[in-house]
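1. Sharing a model prediction with you, sequence too.
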Amino acid sequence: MNKIKQLNSISRCVLIAAIFAGTTQLATAHTRLETATVAENTRITNNVIIGHGCGEKNVIGTSVVFPDGVDSTILVDGAAHTGPLTDFVQNWGNLMQQNYSKAVFSFQDEKTNSLGNVVGFWAGGGDSLPHNLNGYIPFRAGAVVIEPTSCAKSVKFYISIADICEITDTAGFSEATVNFWTHNNLGTAYDRVSTTDDGPASYTVTRTSALPTSCGAGVAVEVKPSAAQINRDMPIKLNGTQVWPR
């Protein structure tokens, strides 16, 4: 009988430890995409998953920016590429569309460029997202067509995200007011404070079609937003008026 009690006690301790371990993992989770890798020519429904708040502060809104491919930085196996994104992708420009949902926030809208292409979206207002819970912000990711004559075996897009816990001006940015899942080296007010460039969420499109025989094993392509785009597209505007940063 004592052995049974001891086993039950040990089981409870293991369960409690597992719960606390899971809670700790959630508390330190980066904001990422639910589906981070997809095959070329595949359209999916995806989600930005907000991992946590700003310490004990709830998240009141989020801002998402996709690299527009116009003045983006393009790397090929880590080396700078001076040509356009169309060297590797045929149809980047208007593939991401926000899905309307009030599951987390009451207000939302897409961000578009001068051509009307969606370059990001935002959501906020209504009930805040509790600081210790995950929030799913849905969007549709269109089918990416990798240029068949290129040597790209994969194309990774870096997506910049700000999870906002308090509306401030840029001088008020801190770990207590906003979580930046952005690059750390663009030289903008929205840069992530980090010693490594580990901030942005990634979306990788993998090639399923055959590579040209001259390509060998192929190359890995990465696409990062420019500082000019982040400065232009990261702020949130409501009916034409900027509401964040203040």
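-> Happy to help now that I have it.
2. Just give the nearest non-adjacent residue to residue 72, would you?
-> Spatial nearest neighbour of residue 72, excluding adjacent residues (Cβ to Cβ, 6 or more residues apart in numbering): residue 223 at 5.2 Å. For the C-beta atoms, the positions are set from N, CA and C on the backbone; glycine is no exception.
3. List the pairing partners of the helix or strand where that neighbour lies within its sheet, with orientation.
-> Using DSSP states H and E, residue 223 maps to strand 219-224. Looking at strand 219-224 with DSSP bridges, its partner strands are strand 73-76 (antiparallel), strand 152-164 (parallel).
4. which helices and strands sit right next to whichever helix or strand comes after the last one?
-> Yep, that's strand 152-164 we're talking about. The element immediately downstream of strand 152-164 (helix or strand, assigned by DSSP H and E) is strand 178-181. Secondary-structure packing of strand 178-181 (3 or more Cβ pairs under 8 Å, 6 or more residues apart in numbering; DSSP states H and E): strand 152-164.
5. Centre of the chain to the strand it packs on, how far?
-> Remark: strand 152-164 is offset 6 Å from the chain centroid, using Cα atoms, centre = their mean, to the nearest Å.
6. and that strand, C-alpha only, in CSV?
-> C-alpha atoms of strand 152-164 as CSV (Å, rounded to 0.1, in the frame of the first residue of the first chain):
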residue,chain,number,x,y,z
ALA,A,152,16.9,27.7,-56.1
LYS,A,153,16.3,24.6,-54.1
SER,A,154,14.5,26.7,-51.4
VAL,A,155,13.4,30.3,-50.8
LYS,A,156,13.1,31.6,-47.2
PHE,A,157,11.2,34.8,-46.6
TYR,A,158,11.8,36.6,-43.2
ILE,A,159,8.6,38.0,-41.7
SER,A,160,8.9,40.9,-39.3
ILE,A,161,6.4,41.1,-36.4
ALA,A,162,5.7,43.4,-33.5
ASP,A,163,3.5,42.3,-30.6
ILE,A,164,2.3,45.4,-28.9
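7. quick one: buried residues of the strand holding residue 223?
-> For strand 219-224, a neighbour-count test (16 or more other Cβ atoms under 10 Å) marks 219-224 as buried.
8. and which of those residues is nearest residue 79?
-> Checking the buried residues of strand 219-224 against residue 79 with Cβ to Cβ, the nearest one is residue 219 at 9.3 Å.
9. Show me how the record splits this structure into domains.
-> For the chain, the domain assignment from automatic domain parsing gives the residue ranges 1-29, 31-244.
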